[in-house]
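Chemist: pasting a predicted model and its sequence here:
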Number of protein chains: 2
Amino acid sequence: MTMDNHAARKAAVYEAALQLIARGVSPAAMTIQQLADTAGIGKGTVYGYFSSKEEILQGLAEYCFARENERIRVLFADCCTLAGLEERAVAYLQDIASNRMGDYKMIAQALGTTGRCESVPACADELRDIMRTLLIRLQAAGEIDPAVSLEYCCTAIFSAVVGGLIGLCFTAECGIQSALPENLKMMLHRTLQVQQ
Amino acid sequence: MTMDNHAARKAAVYEAALQLIARGVSPAAMTIQQLADTAGIGKGTVYGYFSSKEEILQGLAEYCFARENERIRVLFADCCTLAGLEERAVAYLQDIASNRMGDYKMIAQALGTTGRCESVPACADELRDIMRTLLIRLQAAGEIDPAVSLEYCCTAIFSAVVGGLIGLCFTAECGIQSALPENLKMMLHRTLQVQQ
């Protein structure tokens, strides 16, 4: 079997897991049988690719994280203004809150458990590189305050992302029309803008 | 039995639960027997106050939340500058990250589950009142930009709190000496300050 085939078949199991999560099945309660049924393959076939559910969930987190990284890379590839960063970042958060919070919870859970200090995944490094490239470009263009460090910028963006996601999920679930998207853009703007 | 006695005995059970959580026992795995043993009372006595573990955990979240509100109220009672808000907020987050993340996880979990839209606890309203009082005072003193809404200020502070707590816990666990506290202060400053 080619590597591509192997990856595609693992991906089918990951997609089945995401479907189950979207239907409200918790990762802890999920069974290999459910995964096999949802993916439309035999249980034995699943075991041909993974030794345990634990391994599937760990792989799933990396699968989701790598896919988000690719989305983020494309989203910001031609972004060269702070206003563009604000618009795109908030649209991205709204898209996650509406369509794929399950994916994000998997990533957060994987980052929040077992040996995160020793083995912060390659995905986290990749995301850091994408953000650094964007921030350096915006700083060079005079769009971001030259007086602030890249570490500071990452802290500001990370805070807006986690605070924004929690808030957006909450307001979406309660059906509240809120000023949150505009407030998040303003927050990003004020934290990063060149000071007069 | 007086109400105070009743409250004190319930509090003993809550404190036992927090001790167990601090020792690494997950709330899901915790038993009434463990709670009774840790509190130094009989299992029957625990059932005299609570009908189920579920009820204990829900009560525990409110107990922790009310206590944090009281801490926050005292902390900011005489705060009348933006610099004071930044210093105190970051010191408060560092204290939580070092000493009582268990309490915070209980609060977050309770807010993140079951019927949160219908019954956002009275504690959340109380915290909102404390923050509004503080923000109105700082805005009147010319310390916070008069052009921003209170809702915006709350979003900015909430984002700094959740982003900061995740970051501080991570750096504390990994033993990293980081610029995070200074970056969080700068972030709060820039989001709220009067624009020149």
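Modeler: On my side now, so go ahead.

Chemist: centroid residue for chain A?
Modeler: In chain A, the residue lying closest to the centroid (Cα atoms, centre = their mean) is A:Glu68, at 4.7 Å.

Chemist: and that one, what is it in contact with?
Modeler: Neighbouring residues of A:Glu68 by Cβ atoms under 8 Å, 6 or more residues apart in numbering or on different chains: A:103-104, A:107, A:127. In this view, the C-beta of every residue, glycine as well, is placed from N, C-alpha and C.

Chemist: among those residues, which are located in helices?
Modeler: Members of the contacts of A:Glu68 lying in helices (criterion: DSSP state H): A:103-104, A:107, A:127.

Chemist: export those as a markdown table, with columns for distance to chain B and pLDDT.
Modeler: Below are these laid out as a markdown table (distance: Cβ to the nearest Cβ, whole Å; pLDDT from 0 to 100):
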| residue | distance to chain B | pLDDT |
| --- | --- | --- |
| A:Asp103 | 17 | 82 |
| A:Tyr104 | 14 | 81 |
| A:Ile107 | 13 | 79 |
| A:Leu127 | 15 | 92 |
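
Chemist: and stretch A:147-162, how far out from the chain middle?
Modeler: Counting by Cα atoms, centre = their mean, to the nearest Å, stretch A:147-162 is centred 16 Å from the centre of its parent chain.

Chemist: so where do the helices sit in chain A?
Modeler: Using DSSP H, helices in chain A cover A:3-22, A:32-39, A:43-49, A:53-76, A:82-99, A:101-111, A:122-140, A:150-174, A:180-192.

Chemist: show me which positions of the fourth one end up buried.
Modeler: Just to be clear, that refers to helix A:53-76. A:53, A:56-69, A:72, A:75-76 (16 or more other Cβ atoms under 10 Å in any protein chain shown).

Chemist: so A:Gln33 makes contact with A:Lys43?
Modeler: Yes: A:Gln33 lies in contact with A:Lys43 (Cβ atoms under 8 Å); the separation is 5.8 Å.

Chemist: which one's more surrounded, these two?
Modeler: Higher neighbour count among A:Gln33 and A:Lys43: A:Lys43, with 14 against 10, using other Cβ atoms under 10 Å in any protein chain shown.

Chemist: what's the angle from the helix or strand of chain A with the lowest mean pLDDT to helix A:150-174?
Modeler: Sorting the helices and strands of chain A by mean pLDDT, DSSP states H and E puts helix A:101-111 at the bottom, at a mean of 78. If you take axes from the mean of the first three to the mean of the last three Cα atoms, to 10 degrees, helix A:101-111 sits at 140 degrees to helix A:150-174.

Chemist: then helix A:101-111 to CSV, C-alphas only?
Modeler: Extracted in CSV, the C-alpha atoms of helix A:101-111 (Å, rounded to 0.1, in the frame of the first residue of the first chain):
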residue,chain,number,x,y,z
MET,A,101,-15.9,23.3,17.7
GLY,A,102,-15.5,19.5,18.0
ASP,A,103,-12.2,19.7,16.1
TYR,A,104,-11.0,22.5,18.4
LYS,A,105,-11.9,20.7,21.6
MET,A,106,-9.8,17.7,20.4
ILE,A,107,-6.8,19.9,19.8
ALA,A,108,-7.2,21.7,23.2
GLN,A,109,-7.6,18.4,25.0
ALA,A,110,-4.5,16.9,23.3
LEU,A,111,-2.4,20.0,24.2
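
Chemist: which helices and strands sit right next to it?
Modeler: In terms of contacts (3 or more Cβ pairs under 8 Å, 6 or more residues apart in numbering or on different chains; DSSP states H and E), helix A:101-111 is packed against helix A:3-22, helix A:53-76, helix A:150-174.

Chemist: make a markdown table from the ones you listed and add distance to B:His6 and mean pLDDT to it.
Modeler: Formatted as a markdown table, the helices and strands packed on helix A:101-111 follow (distance: least, Cβ to Cβ, whole Å; pLDDT from 0 to 100):
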| stretch | distance to B:His6 | mean pLDDT |
| --- | --- | --- |
| helix A:3-22 | 42 | 87 |
| helix A:53-76 | 44 | 91 |
| helix A:150-174 | 33 | 90 |
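
Chemist: of all the ones you listed, which lies closest to A:Ile96?
Modeler: helix A:150-174 (6.5 Å; Cβ to Cβ).
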